[in-house]
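1. I'd like to go over a predicted model; first the sequence, then the structure.
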Amino acid sequence: MAENDELEAKIKANKEKYGDFVRRLYASDNDAWEEIYKEVVLVGLRYHTSNGYCLGKIVKDRCLTEYDILSDLFKLMIGERKLDLYAYKGTPYVWMRSYIEELVLKYCDKAVIMDPGKLENQKENSEDGSENGPDATYTDKEIQEIAFAKLFKTNPKGAYILLLHEREGLTSKAICGVLGLPQDKTHDDMVGNAYRQASEELQKIIKEL
């Protein structure tokens, strides 16, 4: 009973403190959304996981900016009315940060838009030794991105571990920390096994492309 009273008191206090701010968000107030940019987007990218390095690098690698993520967050909160779910149990900043990782990782599926005709040309050229110019084939990096996007759809956790290990250079122990797992041998081995499995799946996808 005491816990419920304490929660109700906290919600009431947060409504008094943040109620006007939330109304300004609904009204698309520029200053309010600039504050969301600073306190949610920037903090989320820089400190949400492993000091934000992974999420920030995904954004950078895909030639995106923090304001692209802010735009996506605005569409989610206002366009899709996700802000209606904010229950004032905590600050709106912390609550909205929980959506940043989801928004950023969606771009793993959008890294490269595959043109089947172009990929087929590449297969034919590799078989007969001919070339149709630099625009006719995918680069090795593009193929890796296509394969990674496919892996992320079928094995998102393994793809994320692969990303952290190969692109961010994190050890299995460090990845345990990012994933919120105990940093012991059992979980270290589990992450290592997941990494090896994801690597094998990625190579299989590349061969099938």
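-> Nice, thanks for sending it over. Numbering: from 1, shown residues only.

2. tell me the mean pLDDT over stretch 102-112?
-> In this model, stretch 102-112 has a mean pLDDT of 65.

3. before we move on, what about stretch 35-50?
-> pLDDT averaged over stretch 35-50 gives 80.

4. can you give me how far it is from the chain middle?
-> Distance of stretch 35-50 from its chain centroid, counting by C-alpha atoms, centre = their mean, to the nearest Å, is 13 Å.

5. same thing with stretch 188-208?
-> With C-alpha atoms, centre = their mean, you get 19 Å for stretch 188-208.

6. show me which positions of that stretch end up buried.
-> 188, 190, 191, 192, 194, 195, 198, 199, 201, 202, 205, 206 (16 or more other C-beta atoms under 10 Å). For the C-beta atoms, the positions are set from N, CA and C on the backbone; glycine is no exception.

7. just list the residues touching the last one, thanks.
-> Looking back up the chat, that one is residue 206. 143, 144, 147 (C-beta atoms under 8 Å, 6 or more residues apart in numbering).

8. check which helix or strand covers it.
-> Residue 206 belongs to helix 185-208 when assigned by DSSP states H and E.

9. export that helix to PDB, keeping only CA atoms.
-> Once non-C-alpha atoms are left out, helix 185-208 reads as follows in PDB (Å, rounded to 0.1, in the frame of the first residue of the first chain):
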ATOM      1  CA  LYS A 185      33.000 -16.800 -17.800                       C
ATOM      2  CA  THR A 186      29.600 -18.400 -18.400                       C
ATOM      3  CA  HIS A 187      28.200 -15.300 -20.100                       C
ATOM      4  CA  ASP A 188      31.500 -14.500 -21.700                       C
ATOM      5  CA  ASP A 189      31.400 -18.000 -23.400                       C
ATOM      6  CA  MET A 190      27.800 -17.500 -24.400                       C
ATOM      7  CA  VAL A 191      28.600 -14.200 -26.100                       C
ATOM      8  CA  GLY A 192      31.600 -15.800 -27.900                       C
ATOM      9  CA  ASN A 193      29.400 -18.700 -29.100                       C
ATOM     10  CA  ALA A 194      26.800 -16.200 -30.400                       C
ATOM     11  CA  TYR A 195      29.500 -14.200 -32.200                       C
ATOM     12  CA  ARG A 196      30.900 -17.300 -33.900                       C
ATOM     13  CA  GLN A 197      27.400 -18.500 -35.000                       C
ATOM     14  CA  ALA A 198      26.500 -15.000 -36.300                       C
ATOM     15  CA  SER A 199      29.800 -14.900 -38.300                       C
ATOM     16  CA  GLU A 200      29.100 -18.300 -39.900                       C
ATOM     17  CA  GLU A 201      25.500 -17.200 -40.800                       C
ATOM     18  CA  LEU A 202      26.900 -13.900 -42.300                       C
ATOM     19  CA  GLN A 203      29.400 -15.800 -44.500                       C
ATOM     20  CA  LYS A 204      26.600 -18.200 -45.600                       C
ATOM     21  CA  ILE A 205      24.400 -15.200 -46.600                       C
ATOM     22  CA  ILE A 206      27.300 -13.600 -48.500                       C
ATOM     23  CA  LYS A 207      27.900 -16.800 -50.500                       C
ATOM     24  CA  GLU A 208      24.200 -16.900 -51.400                       C
END
